[in-house]
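# Only the shape, not the letters, is given here:
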């Protein structure tokens, strides 16, 4: 039996909440990263004071990497042991004899003999140990050494080895690339990324995550370019794509397991002037589903939607650009009405959330199972509620409209900028206006804005002139600025990684056509005319929803301006 990774310290016996940590340490472990991962989950911030008093090691505050010492330690060692050279507050940035100065190292867990032995092989400086929170330490390691730097390092040249010693450079490189790709995807899951982009550029392979709707550059090892072809080939192998075909775009999928998460990763490659660009869309099959309240809907919006969800037939459409959370909202609606009395059938591409009790179907266009053909067969399954992932063509729209008119409640999505635009879009597809007017019960346009971090959100003064100008840009009444001297402001902390935002919240425009709007639809009036009629009957536009979220302290004016496409009224 393998020995425990780390011997259980005696001081843990006195700690009342140490049972889980003690069991972890006493179990045979082959991977130190697993130990550190669980340690982070336990909340190292609460454990550190106890460790400090038991070991006598000081706790480092305001962690700052020592740039001069970072290069002295190999990335693999730093990643495996989660240690980092730090500069203490008040210390000089330059030392006359740096080799005689102690090397201050931050660690999340008291060092053992194995760690000390490895460090002695790379530096002769005296080590001064400091305890630090595991999550913050890991973040700094990634920032200074790059994601996956512990996997990919420069291999020694064959002529540096003793005579007769052999080294399989190719096998070592393959293993390093496999570890690197795993680290990149694993870090994306931890950061809550929805997409990963591998983008070959001149002289570099750029990797970016899409987090909370924005692209974020990923810190990567400096020598990554030499592994570019191997990384792209590894991704194509994982997605079962043709690695020899580099001239044509390809699509595939990867089933990836990251801890307790099972990811369905959609892979797309396109040829560029430097090499193939690869994009990964991360779909977590077990991710927590959203309720309407968690989506960001207020009580009035929930009441409007819940009333329609009780209808026996009709169409409910959710509109917005790609990545605006349309499928997430539809899933929340399904869960709201889900019961043993209803037969729910969904046709999706892809299936992003599992709905208990529902019959969920994945479209497969390559074998002829399109939205339209699947929907046609679904109608023979005696459904009460049908969810169609997206209306992309006239055939799908026609079947969905007729299904709603024959006693089914239908949910679906469209790509339009606002809610009234969904009406004219269906008419443009070739659906008769009188059918659209009869079938549509509710249209919801939505956007996602970044939510202010609850741990560091602040407020900043704003001049009345600037606020009125901003409201005018949003098409809102400048009189709303009266009496407002401060607005929410992002500050930035360790929890939100300095961005000031953590997570996203929805903005919603809810449009329920009344009799007067029905007449306009039949008359084939423009989107602008429909929008004006909708506002006259009380529809709150996206801009107004954004303003209410700002006033509630959930987001900022800058976020609302960034996300909402302002249409001239």
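Okay, I see it. Please read all numbers here as calculations on a predicted model, not as lab measurements.
# going forward, measure contacts between C-alpha atoms and count neighbours the same way
OK.
# ok, which stretches of the stretch 301-450 of the chain are strands?
Ranges of strands in the stretch 301-450 of the chain, per DSSP state E, counting those that start in this stretch, are 314-319, 344-348, 359-362, 385-388, 409-414, 440-452.
# For residue 79, find the nearest of these.
Between residue 79 and the strands of the stretch 301-450 of the chain, the tightest spacing by CA to CA is seen for strand 440-452, at 30.8 Å.
# sorry, back to before: with mean neighbour count and mean pLDDT added, can I get the strands of the stretch 301-450 of the chain in TSV?
Shown next, in TSV, are those (neighbours: other CA atoms under 10 Å; pLDDT from 0 to 100):
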stretch	mean neighbour count	mean pLDDT
strand 314-319	27	96
strand 344-348	23	94
strand 359-362	17	93
strand 385-388	25	95
strand 409-414	25	95
strand 440-452	25	94
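# I'd like to know which of the ones you listed is closest to residue 206.
Smallest distance to residue 206 across the strands of the stretch 301-450 of the chain (CA to CA): 24.3 Å, for strand 440-452.
# Just want the angle from that closest one to strand 314-319.
Orientation check (axes from the mean of the first three to the mean of the last three CA atoms, to 10 degrees): strand 440-452 against strand 314-319 gives 30 degrees.
# Pull up the pairing partners for strand 440-452, direction included.
Paired neighbours of strand 440-452 in the sheet (DSSP bridges): strand 314-319 (parallel), strand 501-511 (antiparallel).
# helices or strands next to the helix or strand following that strand in the packing?
Once strand 440-452 ends, the next helix or strand along the chain (criterion: DSSP states H and E) is strand 458-461. If you count contacts as 3 or more CA pairs under 8 Å, 6 or more residues apart in numbering; DSSP states H and E, strand 458-461 packs onto strand 486-489.
# Tell me the strands beside the strand it packs on, with direction?
As assigned by DSSP bridges, strand 486-489 forms pairs with strand 458-461 (antiparallel).
# For residue 203, give its distance to residue 232.
As judged by CA to CA, to the nearest Å, residue 203 and residue 232 stand 16 Å apart.
# re earlier: closest to residue 124 out of the strands paired with strand 440-452?
Nearest to residue 124 among these is strand 501-511; the distance by CA to CA comes to 42.0 Å.
# quick revisit: dump the strands paired with strand 440-452 to JSON lines, plus distance to residue 551.
Converted to JSON lines, those look like this (distance: least, CA to CA, whole Å):
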{"stretch": "strand 314-319", "distance to residue 551": "25"}
{"stretch": "strand 501-511", "distance to residue 551": "13"}
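# Nearest to residue 413 among the ones you listed would be which one?
strand 314-319 (4.7 Å).
# what residues does that closest one touch?
Residues outside strand 314-319 that contact it (CA atoms under 8 Å, 6 or more residues apart in numbering): 326, 329-330, 400-401, 404-405, 407-419, 422, 439-446.
# check contacts around the nearest residue to residue 241 once chain neighbours are set aside.
Leaving out its chain neighbours, the residue that sits closest to residue 241 by CA to CA, 6 or more residues apart in numbering is residue 252, at 6.5 Å. Residues in contact with residue 252 (CA under 8 Å, 6+ apart) are 239-241, 266-268.
# do residue 517 as well
530, 533-534.
# so how many other residues sit close to residue 379?
Counted with other CA atoms under 10 Å, the neighbours of residue 379 add up to 16.
# wait, isn't it in contact with residue 400?
No - using CA atoms under 8 Å as the test, residue 379 is too far from residue 400 to be in contact (9.7 Å).
# Low-confidence ranges, the stretch 451-569 of the chain, go.
In the predicted model, the stretch 451-569 of the chain carries pLDDT under 70 at residues 565-569.
# What ranges does it have for its helices?
Along the stretch 451-569 of the chain, the stretches classed as helices by DSSP state H, counting those that start in this stretch are 464-473, 515-522, 527-536, 542-551, 557-563.
# Could you identify which of those helices is most buried?
Highest mean neighbour count of the helices of the stretch 451-569 of the chain: helix 542-551, a mean of 21 (counted as mean count of other CA atoms under 10 Å).
# thinking again about what came up before, out of the helices of the stretch 451-569 of the chain, nearest to residue 83?
Nearest to residue 83, of all these, is helix 557-563, at 36.5 Å by CA to CA.
# Mind giving me the packing neighbours of that closest one?
strand 440-452, helix 542-551.
# which helix in this structure runs the most residues?
The longest helix of the chain (DSSP state H) is helix 169-191.
# Next, the buried residues of it.
173, 176-189 (16 or more other CA atoms under 10 Å).
# which residue sits closest to the most centrally placed residue in the chain, ignoring its sequence neighbours?
Residue closest to the average C-alpha location in the chain (CA atoms, centre = their mean): residue 193, at 2.8 Å. Spatial nearest neighbour of residue 193, excluding adjacent residues (CA to CA, 6+ apart): residue 211 at 4.5 Å.
# All set now, cheers.
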